Every structure is written in structure tokens, then in C-alpha cells.
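Undergrad: Let me see the structure of the following:
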Amino acid sequence: MKKGLLAYFLFFACFQLAAVTLLPIDALTLRVAHAGLLLTAVFLTCEKPRLRPVCLPLALCCFAVYAAMLLRQRPVALSGGVTGPFELALAGAALVLLLAGGLVCCRDLTLLACLFLLYNFAGPLIPGLFGHSGFSLRRVLRFFFWGSQGIFGVGANVSSTYLFVFVLFGALLRAGGFTALVSDLALRAVGGSPGAPAKIAVLSSALLGTVNGSAVANVATTGALTIPLMKQAGYPADYAAAVEATASTGGQFMPPVMGAVGFVMAELLGTGYGAVMAAALLPALLYYGTLLLATHLWARRLGLQGQTPPPADFKNRLHLLVPLLLLLGLMCLGYTPLFSCVAAIVVTPLVGALRKETRLPLSEWLGALAGGARDAVTVGVCCLIIGIIIGTVTLTGVGLTAGAALLKLAQGGNLLLCGTAAAALCLLLGTGVPGVAAYVIVAAVAVPSLVQAGALPICAHLFCLFYACFANLTPPVAISATTAAGIAGSSRTKTALHAMALAAPSFLLPLFFLLHPALLLGQGGLWETLGAFSAAAGGSVCLTCAAQGWLCAPCTLPVRLLLTACGLLFLVGLWPLSLFVLLLLCAFQRR
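TA: You can find the predicted model right below:
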């Protein structure tokens, strides 16, 4: 990184850390300053040859326009929201710069946001349920930029607080050797079993994904180590990439940190983070358990053997777990996630200095901090862009309209049909969008409908989170699969199809806990939770065996169909019949 950029991102990182801990700065001011710094960074780091001549002028424009908005925020607020021609001109320039920055780093999401933006003006031209009276340019600009419900709403709040700080924490952990430690621990745990390299990818991505704000960043971080390891062990390139993509995607809903999504969910639900973390635990464990089983069965199918675990030199690096344990400990003691994360960030270099093997010079830690700030730029701009989508949903009322249409499609409140329709909507709206941003978008539209149809609020929110994250694996964008395919040198389409096959049993999991809330800890009694977990686990095992074509031996098509039927019967509660058929199939294959 060039010295100028290094200095800029160091300033950005230090400002953000100070803003959430020491500086007496209000939320709206922080969001505006954060947006200006993000968009300035977009153009300073743009590497597209066609844009290089205009990048520096655009960066200066971003800094100047958002600085002017920062100076005008308080006078506008004190006047009761009155805006003149100057404020509207600033808002117009800020909107153009935001869309330009979005096209540079998150084109698909920006194009979707442009459609939503046009919807504010095109309402009178749209017949039927989704038509509206339309809004003037003045009203739209004032709503989106001179309040807290548009660009500087939930998305900007997430990016300027939880997301940015946790991405910095993840960057410092990687610089200190945490990634290699996790890989060594995973290899020690599963190194002797069939399909060990794929299982290492699953466990590494689960551990790292929980503190990473982006599934794509997780793929890039762990995939650089695990994908070559899988290919070397004999896995096809497209399958190796699919395993990494699927495992990295699950990190977004894996406690304890859940890629910072859990804090957003707690804020939207108005509940403690502990309740969200507890609710997500069993579904996340089922997701990764299913994925581990799938990689094991695939290895058995290919005849792949385990690997010899490495020497125990990783014991000299176990102290690198201290920052993560400190983060969890402080949150359990009742400290805020932001305070806990900043404390962990401060401690990380100190812990690294305890041993010679992990001691780094100050310049490398500063470089890691600047690198973390740079890593947060793309997902941060995505969060700003979704402000256009959420603002449009709020201003036009299209969220309520879509919810009404969703309920009508679901035949007046049938939760299963409503959930199925909402799942399709989540997969559509989450396409090409980072986990936090995707969740916020779909929650604004689908959660009210699910709650009206009879779902518990926490079930509805987790439902939307799971399916929004699954959109990282599904065509046409399949952003996690695309990133992993680039590392593996494999076909993007084949990788996405393999990833969908690996995650297929888990695609039914959110529907299951939507209908059986007891699967979420805290939403039912002990025996209810055990029963729901057993049913979900049995169904997941059967569906995974059917998808991978292996039970105790290779499965013929009739056996795979019977396993699929068993899995579905487990999920609907007919577990005695399912268990009987499953035992018969095992006995038949062991003859």
C-alpha cells in the first residue's frame, strides 16, 4: 500500500475507533463523516484504468461535499428540517457521488438501488397494487439525505459502528497469525479422518467467519489456504471451491459474533445480544454438522484418505486465542459489543508480543489496521447503498404493500406458504449483497409479513438472515461461489451448483424453525428443544446422504429417493417411520 493511502486508512481507522469510544459525537454526525470517508476511499483505491484520470477529482469532491453536509447537519436539525436550495444541491451531488462509488465497488446492488430510486418517481405510471402518487425530487432528496431514515439510516449505522470495528478486529487477527492457528487446530482435530482437507476448510471458515463481516472476505482469507490443500488431496477444483464458499457463507450466522449481523438483529428486535446468539446456535451447528457430514461422505465416495496431523508446534501460538476469548468474556459480563471489540483490538498486538514466534514490528500492525479499514470499504458502501432501498420502502410504503401481497399469495396467513414465498423473496433481494446488507434489506420487507402470519419475531428475523446469506451461493450472482472459483481456477457455474448441493439440506432448516420455534434456544422447553433438534438432525442426515449419494455404500437412485422421503418425514414429525426406513436401508447396504 502506498504511503499516502496508508496514512489515509490509518486516519480512517483511528477516527472510527475514537468515535465509538472517546469522541463526544452524535450518531448522525458519525454516519455522515463515515459516508464521506468511505466514498473518498473508493475513488482513492479505484484500479479501473478508464476511471484513473478522474479518480482523484472525484475523491476530492466526495470529501468536500460530505464535509459541507457535515457542517450543515446541525443547522438543518435545529431549524426543524427546513432545507434551502444549497442543501438540496448538496444532497443531489452526494447522491450522484454515492451512486458513482457504488458502481465502482458493488455494481449489482447499485443497479438494484437505482430501480428502487426510480420507483419513487414512477409510482403514477405503475398500475395496480404497487402504484403510488409519486414524490418530487425535492422531497426525495430531503428524505434521503437530511434525516435518519434514508442514506444515513440503519445501513450507515451498521457500517459506521459494528461492521467497521469488527472488520478491523478480523484484520488484526489475521496479521497476528490467527488464520494459520485455526487451520492447524482444525487439522489436528480432523486430520486423520477421510476428507480431512475439506473438513479443515469447514472448521476454519466457521471460526473465522464469525468475526468477519463478509462471506466473500472469508472465502478470500481461508480459501487461499484450504482450496489448494483440498486440490492437492485429490478433490476436484469445483468441489473444493464449493466447500469453501458454503462454509464461509455459514460464518454470517454462526455465534458468538455472527459477522456483526447479530448485533443488528438485536437492535431491530429490541432485545439483548445474548438472546440472539442463543437462538442462532443450534441452527448454525446443524448447518456445519451437515456440511461436515457431506464432505465426509464425498470423501468416502471418492476413496480419499485422511492426512497426518502436523507437529504440535501450534501450542506455542495458543495465546493468539486470548483476544477472541476476551471479546466473548466482556460481552458475557454485560459490556457492549463495541467496547468489547475495541478492547480486543487493543489487546491483540500486546498478546502477539508475548512470544517471539508471533511478535510483529509496529509497522506491520499499523499496516494491518490500515488494511482492515480498506477491507471495510466495499461492504460499507453496500450498507450506504441499501439506504436507498430501505428509504424507498419507507417513503413509498412498498414494504407494507409487498407484505400484503405476500400474505395474499400465502392464502391469507398460512405460515408455510408465506415462509416459502418469503424465502424466494430473500434469495432474490439478497443476490450479490454482503450478509449484513442483505439481511437488513429482506428484514424490512419480509419480517412484518411473517410475523402477521404467526411467526415469532426472532424466528422471522433468523429466517430472513439464513436465506439472505444463502443468496451468496445461488445463481445468477453466487458471489461467494464466484470468489472461490476464482481462487480454485474452476468453473463458476459448476462451483455454484456444487455449493447448492452441499447446502441443499440446510435450505429447509429455516422453514423448519419457522414452524417449530423450539429449535431456537429460549423459545421452548428443554424437551421441546431436544425433540425439535433431533427431528432437524435426523432430517438433515437423511437429506445429506441423499444429496451426496452415499449412506453405508454408494446409493442407487431408488435409495436416494427413499432417503429424501425419510428426511422430509423427519422434518414433519413422523420420525418413528423415518427411523425404521433408515435402519432398513442401512441393513440393506451392509449386506
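Undergrad: can you give me the helices for the stretch 451-591 of the chain?
TA: 457-470, 479-488, 492-507, 509-515, 526-548, 557-572, 575-589 (DSSP state H, counting those that start in this stretch).
Undergrad: for those helices, which one sits closest to A376?
TA: helix 479-488 (16.9 Å; Cβ to Cβ). From N, CA and C alone the C-beta is placed, and that goes for glycine too.
Undergrad: Convert that closest one to PDB, retaining C-alpha atoms only.
TA: Provided in PDB are the C-alpha atoms of helix 479-488 (Å, rounded to 0.1, in the frame of the first residue of the first chain):
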ATOM      1  CA  ILE A 479     -20.900 -14.100  -5.100                       C
ATOM      2  CA  SER A 480     -19.200 -16.500  -2.600                       C
ATOM      3  CA  ALA A 481     -19.000 -19.300  -5.200                       C
ATOM      4  CA  THR A 482     -17.700 -16.900  -7.800                       C
ATOM      5  CA  THR A 483     -14.900 -15.700  -5.500                       C
ATOM      6  CA  ALA A 484     -14.000 -19.300  -4.500                       C
ATOM      7  CA  ALA A 485     -14.000 -20.400  -8.200                       C
ATOM      8  CA  GLY A 486     -11.500 -17.600  -9.000                       C
ATOM      9  CA  ILE A 487      -9.100 -18.900  -6.300                       C
ATOM     10  CA  ALA A 488      -9.500 -22.600  -7.400                       C
END
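Undergrad: So which elements touch that helix?
TA: helix 215-232, helix 237-250, helix 492-507 (3 or more Cβ pairs under 8 Å, 6 or more residues apart in numbering; DSSP states H and E).
Undergrad: Got the domain ranges for this structure?
TA: 157-376, 519-591 (automatic domain parsing).
Undergrad: Redo the ones you listed as TSV? Include distance to A437.
TA: TSV is the format used below for the domains of the chain (distance: least, Cβ to Cβ, whole Å):
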stretch	distance to A437
domain 157-376	8
domain 519-591	24
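Undergrad: out of those, deepest packed?
TA: Of all those, domain 157-376 carries the top mean neighbour count, a mean of 22, counting by mean count of other Cβ atoms under 10 Å.
Undergrad: That one: end-to-end distance?
TA: 14 Å (Cα to Cα, to the nearest Å).
Undergrad: Can you give me the buried ones in stretch 456-474?
TA: By 16 or more other Cβ atoms under 10 Å, the buried positions in stretch 456-474 come out as 456, 458-474.
Undergrad: nope, stretch 436-451 is what I meant
TA: Using 16+ other Cβ under 10 Å as the test for burial, stretch 436-451 gives 436-450.
Undergrad: ranking the domains of the chain by mean pLDDT, which is last?
TA: Sorting the domains of the chain by mean pLDDT places domain 157-376 lowest, at a mean of 79.
Undergrad: Let's have the helices of the stretch 451-591 of the chain in TSV, adding distance to L117.
TA: Below are the helices of the stretch 451-591 of the chain laid out as TSV (distance: least, Cβ to Cβ, whole Å):
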stretch	distance to L117
helix 457-470	21
helix 479-488	22
helix 492-507	29
helix 509-515	30
helix 526-548	41
helix 557-572	41
helix 575-589	50
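Undergrad: Which among those helices is found nearest to S204?
TA: That would be helix 479-488 among those, by Cβ to Cβ, at 13.4 Å.
Undergrad: and that closest one, how far from the chain's centre?
TA: Centroid separation for helix 479-488 versus its chain: 16 Å, with Cα atoms, centre = their mean, to the nearest Å.
Undergrad: Does F533 touch L519 like I think?
TA: Yes. Between F533 and L519 there is a contact at 6.1 Å, judged by Cβ atoms under 8 Å.
Undergrad: quick one: common contacting residues for these two?
TA: Each of L282 lies in contact with both F533 and L519 under the rule Cβ atoms under 8 Å, 6 or more residues apart in numbering.
Undergrad: hmm, who's touching stretch 344-353?
TA: Contacts with stretch 344-353, where a contact means Cβ under 8 Å, 6+ apart, come from 17, 165, 168-169, 172-173, 176-177, 319-320, 322-324, 326-327, 330, 358-360, 365.
Undergrad: Which of the buried residues of stretch 436-451 lies at the shortest distance from G489?
TA: For the buried residues of stretch 436-451, the minimum distance to G489 (Cβ to Cβ) is 27.4 Å, reached by A438.
Undergrad: if I look at the closest one, how far off is H34?
TA: 20 Å (Cβ to Cβ, to the nearest Å).
Undergrad: How about C106?
TA: The gap separating C106 from H34 is 16 Å, by Cβ to Cβ.
Undergrad: these two touch, right, L44 and P57?
TA: No. Using Cβ under 8 Å, L44 makes no contact with P57, being 11.5 Å away.
Undergrad: If you count surrounding residues, which of the two has more?
TA: L44 (21 against 10; other Cβ atoms under 10 Å).
Undergrad: what's near enough to touch the closest residue in space to the more buried one that isn't next to it in sequence?
TA: Once flanking residues are discounted, L44 sits nearest to A59: 5.0 Å by Cβ to Cβ, 6 or more residues apart in numbering. Remark: with contacts taken as Cβ under 8 Å, 6+ apart, A59 is in contact with 40, 42-44.
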